[in-house]
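In: could you look at this predicted model? Sequence included:
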Amino acid sequence: MKKYDVVIIGFGPTGGTLANLLALHGFSILIVEKEKSFYPLPRAVHFDDEIMRVFQTIGITDKFLKHTIINKGTKFVNSKNKEVLDWPRPRSVTENGWYPSYRFHQPDLERKLRGRLKDFKKVKIMQNTKVVNLKEDKSSVKIILENVNNKIVKEISSKYVVGCDGANSTTREQIKAKFQNLGFTQKWAVVDLILKKDKKELPDRTIQYSNPKRPATYCRNVGKRRRWEFAIHDNESEKKVLSNSYIWNFLKPWLKPSDAFMERKTIYTFQSAISKKWKKGRVFLAGDAAHLMPPFMGQGMCAGIRDVSNLSWKIAHCLKNNHSDKLLNTYQSERYSNVKEYIKTTAKMGEFVNAVGTSNITGKVSSTPDGQKSMKSIKPKLGKGLGKAQDKNRGKIFPQFKIRNGKSLDDKFSLKPILILSKEIKENISSKLNLIQSKNNKDLEKFFKNSASKAIIVRPDRFILSSCKSVKDFKSYLNKNLSILV
Ligand SMILES: Cc1cc2nc3c(=O)[nH]c(=O)nc-3n(C[C@H](O)[C@H](O)[C@H](O)COP(=O)(O)OP(=O)(O)OC[C@H]3O[C@@H](n4cnc5c(N)ncnc54)[C@H](O)[C@@H]3O)c2cc1C
C-alpha cells in the first residue's frame, strides 16, 4: 500500500495552497480531486494583504501579480442611489507589505498554484478520483479512493489527511462533524460578463445596492471582467431569473447586450455555517469544508487560506519531530473564533445590503465630520491556543518589515520561526530560532515601543507566539517558549 506524509482531499484554492506550503518542506503529498481539472469559472474575485503574504511564501507573487488589480473599495448606496456607507481600501501598502485589497480571476490563481507544484517531485495529483472512506489507527489514516470513471477502488495510507473538499465535504461526514447553520441563507444570481469595449462610466469599485426590493452587488473585476449579483425572491422562478431576457433587463441601467459577452450565469445559495469539529485524530477540515460565509466581504476563500497557513506548519512540526495532539488541537481553537468574526461581520453586511440591518456593522462603522459613514476592515486575532491569553501581542500578525539589505522578513525567514530582540537585550544569545536584533532598525524599535515589549517570537505563519515584557524576564521567557517551536 502506498504511504504518504499528507493526503489532501480537494484541489480548490484551499487544497492548492496547503499542498504548496507543505511541499516547501519536502514532504510526500498526494492531492485527490474528484473532478478532471479545476473549476474553469470564477467564484472568488477578491483577496487581501494577509493572503498575498501567503502567496509570497509559496513563491507565486511574481507571476500572479500581473493577473491582479488593486481594489479601490466598496460603496453602499440606497434605493435612490445615494451613498449610505463607504468601505475605502487605501492604495497604500499595509504592515503586511502588500496592498489591502486585490481583485483577481480565480482560475488564474488556481493555475499558478498548480504550476508551482510542478517544482516539487514528491507531490502527486490524482484527478477523477474521489475519497469515499477514511479509517484511522494510532499512527496513520487508511484512505479508500474510487476512480470516478472506471470505479476501480484503491487503498492508500497517510500520516495526516486534510479535507479541503468544499461545502459538501466527505471528510466532514467521515469525522462525523456537525455543520452548524449560523443563520444567513439567501439565493443570489451571479452573472459574469466580459466587456467588448471599455465602459468608463461603469464604477471603478464595488457597489452594494442596499435596496430591499432588489439587493444587488456590482464588482469591478480584472481587465474587462465585470460581475453583477442580485438577490432572488422566494416567489421567483430560478429558470425565469436566469433567462437572458430577464438578466439583460436587470442590467439595463448599466449595459446593453451588444456591450458585453455573458461568460456565465448561475444561482448560489449564500450561507453562513461552521463545523463544530475541525479535527479528529489525524484528520482535519479546512476551507469551505469547515466554514461558509456569504461573499459580501470577499473573505470565504481567504478564510480557507488562513486555515491552511495555520495548520501546515503545525503538521510540518509533527512530521519533523513527533506527533503532538496538543499542538494540533490549537488549529481549531485558534482559527474558529477568527473565522466566526468574519462570518458575523459579513452576515451583518448582508443584512445591510438587504436594507434590513442596522447601519452599524459590528461596531466597525464611524461617521466622518461631513456625516458620511465609513467602515474599517476587520483584523481579528487568533483564538486561544499557543501562547498566553493575557499576552496582548500574542495572536496578532507580525508586520513584514524590511530587514538588512532591504530584504523583507518573510523572504529571509520563509516558514521559519524568528526570535526578535529589542536593542535593550544585549546578551549574546545562541538560540535554535532564527535571530533578529532590532538595533539600527527604526521599524522594529517602533514596534517594540508600541507593543510594550522587549522581545517577541514570531511563528512560521507570521503570527506572534508571545512577547517578553521586561529585560530581566528574558531568560525564563526564552526557556518557556522555545520548546513550542523547536
Ligand atoms: C459568488 C461567490 C463569490 C465569492 N467571492 C469570494 C471572494 O471574492 N473572495 C473570497 O475569499 N471568497 C469568495 N467566495 C468564496 C470562495 O469561492 C470559496 O470559499 C472557495 O472557493 C472555497 O475553496 P475550497 O478550496 O475550500 O473549496 P472548493 O473550491 O469548493 O474546492 C473543493 C474541491 O474538493 C473537491 N472534492 C469534493 N469532494 C471530494 C471528494 N470526496 N474526493 C475528492 N475531491 C473532492 C471538489 O471537486 C473541489 O474541487 C465566493 C463564493 C461565491 C459562491
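Out: On my side now, so go ahead.

In: now the helices for the stretch 251-400 of the chain?
Out: Taking DSSP state H, counting those that start in this stretch as the test, the helices found in the stretch 251-400 of the chain are 300-320, 325-353.

In: now the angle from the shortest one to helix 325-353?
Out: Pointing back at helix 300-320 there. Angle between the axes of helix 300-320 and helix 325-353 is 180 degrees (criterion: axes from the mean of the first three to the mean of the last three Cα atoms, to 10 degrees).

In: is any part of helix 300-320 close to the ligand?
Out: Yes. Contact between helix 300-320 and the ligand is present through 300, 301, 302, 304 (criterion: Cβ under 6 Å from any ligand atom). For the C-beta atoms, the positions are set from N, CA and C on the backbone; glycine is no exception.

In: and residue 245, how many neighbours?
Out: Neighbourhood size, residue 245 [other Cβ atoms under 10 Å]: 9.

In: okay, and it sits in which element?
Out: Assigned by DSSP states H and E, residue 245 falls within helix 244-251.

In: and for that helix, what's in contact with it?
Out: 189, 191, 193, 214, 228, 230, 240-241, 255-257, 262, 265 (Cβ atoms under 8 Å, 6 or more residues apart in numbering).

In: go ahead and flag the most central residue of the chain.
Out: In the chain, the centroid-proximal residue (Cα atoms, centre = their mean) is residue 302; its distance is 1.9 Å.

In: and the residues of helix 300-320 next to the ligand as a markdown table, adding pLDDT?
Out: Output for these, formatted as a markdown table (pLDDT from 0 to 100):
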| residue | pLDDT |
| --- | --- |
| 300 | 98 |
| 301 | 98 |
| 302 | 98 |
| 304 | 98 |
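
In: and the gap between residue 241 and the ligand?
Out: Note on residue 241: its distance to the ligand, by Cβ to the nearest ligand atom, to the nearest Å, is 15 Å.

In: how about residue 13?
Out: In terms of Cβ to the nearest ligand atom, residue 13 sits 5 Å off from the ligand.

In: tally of neighbours for the closest residue to that residue other than its chain neighbours?
Out: Nearest non-adjacent residue to residue 13, counting by Cβ to Cβ, 6 or more residues apart in numbering: residue 301, 5.1 Å away. Residue 301 has 24 neighbours, counted by other Cβ under 10 Å.

In: near the ligand, which residues of this structure?
Out: Within the chain, the residues that sit near the ligand (Cβ under 6 Å from any ligand atom) are 9-15, 32-35, 43-47, 130-131, 164-166, 170, 190, 268, 287-288, 295, 298-302, 304.

In: show me which of the residues you listed are buried.
Out: 9-15, 32-34, 43-47, 130-131, 164-166, 170, 190, 287-288, 295, 298-302, 304 (16 or more other Cβ atoms under 10 Å).

In: quick revisit: quick one: distance of the helix holding residue 245 to the chain centre.
Out: Relative to the centre of its chain, helix 244-251 is centred 33 Å away, using Cα atoms, centre = their mean, to the nearest Å.

In: lowest-confidence helix or strand of the chain?
Out: None of the helices or strands of the chain scores lower by mean pLDDT, DSSP states H and E than strand 365-367, at a mean of 66.

In: how about low-confidence regions in this structure?
Out: Counting by pLDDT under 70, the chain contains low-confidence ranges at 356-371, 430-431.

In: ok, back up a step: closest one to residue 152 among the helices of the stretch 251-400 of the chain?
Out: helix 300-320 (29.2 Å; Cβ to Cβ).

In: buried ones in the closest one?
Out: Neighbour counts using 16+ other Cβ under 10 Å place 300-319 of helix 300-320 among the buried residues.

In: the closest residue to residue 2 other than its chain neighbours: what's it in contact with?
Out: Of all residues not flanking residue 2 in the chain, residue 156 sits nearest, at 4.8 Å (Cβ to Cβ, 6+ apart). Shown in contact with residue 156 (Cβ under 8 Å, 6+ apart): 1, 2, 3, 4, 7, 30, 142, 143, 145.

In: please repeat the previous calculation with a cut-off of 10 Å.
Out: By Cβ atoms under 10 Å, 6 or more residues apart in numbering, the contact list for residue 156 reads 1-4, 7, 30, 32, 126, 131, 140-145.

In: now swap in residue 302 and tell me
Out: Counting by Cβ under 10 Å, 6+ apart, residue 302 has contacts 13, 44, 46, 47, 48, 50, 51, 54, 293, 339, 342.

In: next step: these restricted to helices.
Out: Among the contacts of residue 302, the members found in helices (DSSP state H) are 13, 50, 51, 54, 339, 342.

In: how much space separates residue 103 from residue 298?
Out: Plainly put, residue 103 is 9 Å away from residue 298 if you go by Cβ to Cβ, to the nearest Å.

In: now do the shared contacts for the two.
Out: Common contacts of residue 103 and residue 298 (Cβ under 10 Å, 6+ apart): 45, 46, 47, 71, 206, 219.

In: wait, the first one sits on residue 295?
Out: Yes. With contacts defined as Cβ atoms under 10 Å, residue 45 counts as touching residue 295 at a distance of 8.4 Å.

In: what touches both of those two?
Out: If you check residue 45 and residue 295 against Cβ under 10 Å, 6+ apart, the residues they both contact are 219, 301.

In: domains of this protein?
Out: 3-61+104-180+272-341, 404-485 (automatic domain parsing).

In: cheers, nothing more for now.
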